[in-house]
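**Q** no FASTA, just this:
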């Protein structure tokens, strides 16, 4: 369902020469499959997630989700596609500070172009355990609660794929497992494929598939 | 969730900066509203004053000067014309063309208000506005035979403390408080006019025959010795008969039988060496268009400039916030918002600040007028409706939206160009 083929991505080095970050001959993730991606810092994990989400364009290759090649889409088409098909959980949660928990979830729906479904947004927030904090702004939520809202927001549009970029990195140790299990379980319940980037081998081991980016990213092998 | 709400939330986040920016816009708009209303007040008070007659006949000289002194009691009257010339309008060659001809004599004042000698027909044959006849708030018109009766304009009576039955002695000279009063018999107020919203409210009208009897108001009779006139400060014991040759008047207010007769009559009068005739409406229109209008236009331009500066304030406020908001915009984009969507959000933010400030400015402007209304009414006689919106104010709404779109464009373009991956990583 997610298929990457011959994806290459470079950034300009300070010298002006291209610095290859990604060179992935092939990568795939099946429907509803859950996978942990581990790797050392700077090996291109976040860049890979950006490329899969269509936030960054690869220099070459194709990124297909549900048979649609994101690389062939216009930017606006890609934005719309991302909103409807891909959920994204950031390391720093990235909740919009001016909006309440409920509104943060509704925003995700709004940008997908469809009608905002308040009932579903509330249900999701209740599912992730912040049903009693619907009208609180991020500053009034604990770190764990913020990440829960971020998970609910990522799932708002019933995506096919959820990308989670070190979602537990900023959560205290006591809540890391909770957030991880929340992601894993809600993705199971919603039949959403999960690609989770983590530094924690313990958490990674709890998902059915684990891989190191360096294993299939030739840019880092050289 | 609408884009308006998203924009509003951004404004809420920067509440203080947004409020100050909107307030500067409010001050600019309030200034525009005030200038527009003052424009209306000046325009109305000028145009109203010159209604009810279509010609002013006076001594040859400045045309505008004649209108200003006769209608608005501003400046000094040019010169006098012989009373006998007035008789040409009532009994002579101009009689066929006129409906009413009212003589007025000027040059005296009381407590700073001009005292005008005239005839009772001033208040019966002339109207102060189209279809508006003079009415008396108290008392009535003075009687032709009662030489020392007077009628007070509404505001003059109020401010000078004159009521029906009250008396006053005019002083020689115009608008000079404390000038020595004539020592003749005092004039008695027979009536106080109801407010008209014209300069008539700020004048006192005395029987012209009584006015002639005041010292210094007559030409010496042929062969008379100067000592026949009482010395300054010495009271008259009795009124001596006055011949028409001795009488001088300042101007004649003429209402012609038909409007089209006015131009022909004016031409005829202007060919005489004695007097000139001017059409007050034309002179006032010229004054408003060429002088007053230009000053008002300049004031309006300055007020608009203040609004534009406030608009630039909005630009600076939003633009300065863009650095902090790049990350927020990148998150919106990552959630699926298109470039055009974030651009529209920024533009809407600009529109909300501009319109919000504008509406507050309208309220401020009209509130200010509501506060100043009684003073303006008292000073000019023009009743200012604080909540009477003018058509020109309607232009403010699309104008503010256009201004917001222009000033919002730069920060909106910054939002449009935000590099999502870079901003998220940063």
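**A** In hand now; what should we look at? On a predicted model such as this, the values are computed, not experimentally measured, just so you know.

**Q** alpha carbons only for contacts and neighbour counts from here, please
**A** Will do.

**Q** what helices or strands is the longest strand along chain B leaning on?
**A** When chain B is parsed with DSSP state E, its longest strand is strand B:98-110. The contact analysis (3 or more C-alpha pairs under 8 Å, 6 or more residues apart in numbering or on different chains; DSSP states H and E) places strand B:98-110 against helix B:83-90, strand B:113-118, strand B:171-172, helix B:208-213, strand B:248-249, strand B:251-256.

**Q** Show me how far that strand is from its chain's centre.
**A** 22 Å (C-alpha atoms, centre = their mean, to the nearest Å).

**Q** mean pLDDT for the helices and strands packed on strand B:98-110: which is lowest?
**A** Across the helices and strands packed on strand B:98-110, strand B:171-172 has the smallest mean pLDDT, namely a mean of 84.

**Q** helices and strands around it, which ones?
**A** Using 3+ C-alpha pairs under 8 Å, 6+ apart: strand B:171-172 touches strand B:98-110.

**Q** average pLDDT across the strand it packs on?
**A** Strand B:98-110 comes out at a mean pLDDT of 90.

**Q** List of residues touching the longest strand of chain B?
**A** B:76-77, B:86, B:89-90, B:114-119, B:121-122, B:125-126, B:168-177, B:204, B:208, B:211, B:248-257 (C-alpha atoms under 8 Å, 6 or more residues apart in numbering or on different chains).

**Q** relative to strand B:113-118, how tilted is that strand?
**A** 140 degrees (axes from the mean of the first three to the mean of the last three C-alpha atoms, to 10 degrees).

**Q** before we move on, the earlier item: the helices and strands packed on strand B:98-110 into JSON lines, with extra columns for mean neighbour count?
**A** What follows is the helices and strands packed on strand B:98-110, written out as JSON lines (neighbours: other C-alpha atoms under 10 Å in any protein chain shown):
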{"stretch": "helix B:83-90", "mean neighbour count": "17"}
{"stretch": "strand B:113-118", "mean neighbour count": "26"}
{"stretch": "strand B:171-172", "mean neighbour count": "22"}
{"stretch": "helix B:208-213", "mean neighbour count": "22"}
{"stretch": "strand B:248-249", "mean neighbour count": "24"}
{"stretch": "strand B:251-256", "mean neighbour count": "25"}
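
**Q** which residues touch residue 36?
**A** Went with chain A since none was named. Listed by C-alpha under 8 Å, 6+ apart, the contact set of residue A:36 reads A:195, A:196, A:197, A:198, A:204, A:205, A:207, A:209, A:210, A:211.

**Q** nope, chain B
**A** B:300, B:390, B:392.

**Q** mind checking the SS state of the first one?
**A** What it means is residue B:300. Here residue B:300 takes the helix state, with states given by DSSP: H, G, I helix; E, B strand; the rest coil.

**Q** Now for it, how many residues are close by?
**A** Neighbour count of residue B:300, defined by other C-alpha atoms under 10 Å in any protein chain shown: 19.

**Q** likewise the last one?
**A** Neighbour count for residue B:392, taken as other C-alpha under 10 Å: 11.

**Q** List the residues that contact it.
**A** Listed by C-alpha under 8 Å, 6+ apart, the contact partners of residue B:392 are residue B:36.

**Q** next structured bit after the helix or strand harbouring it?
**A** Element membership for residue B:392 (DSSP states H and E) is helix B:391-416. Going down the chain from helix B:391-416, the next helix or strand is helix B:420-425, by DSSP H and E.

**Q** Show me the beta-bridge partners of the residue nearest the centre of chain A.
**A** When C-alpha atoms, centre = their mean is applied to chain A, the residue found nearest the centroid is residue A:163 (2.0 Å). With DSSP bridges as the criterion, residue A:163 is bridged to residue A:88, residue A:195.

**Q** That one contacts residue A:88, doesn't it?
**A** Yes. Contact criterion C-alpha atoms under 8 Å: residue A:163 and residue A:88 qualify, at 4.8 Å.

**Q** ok, and the closest non-adjacent residue to whichever residue of chain B sits closest to chain A?
**A** Proximity of chain B to chain A (C-alpha to the nearest C-alpha) peaks at residue B:336, 4.1 Å away. In space, and not counting its chain neighbours, residue B:336 is closest to residue A:83: 4.1 Å by C-alpha to C-alpha, 6 or more residues apart in numbering or on different chains.
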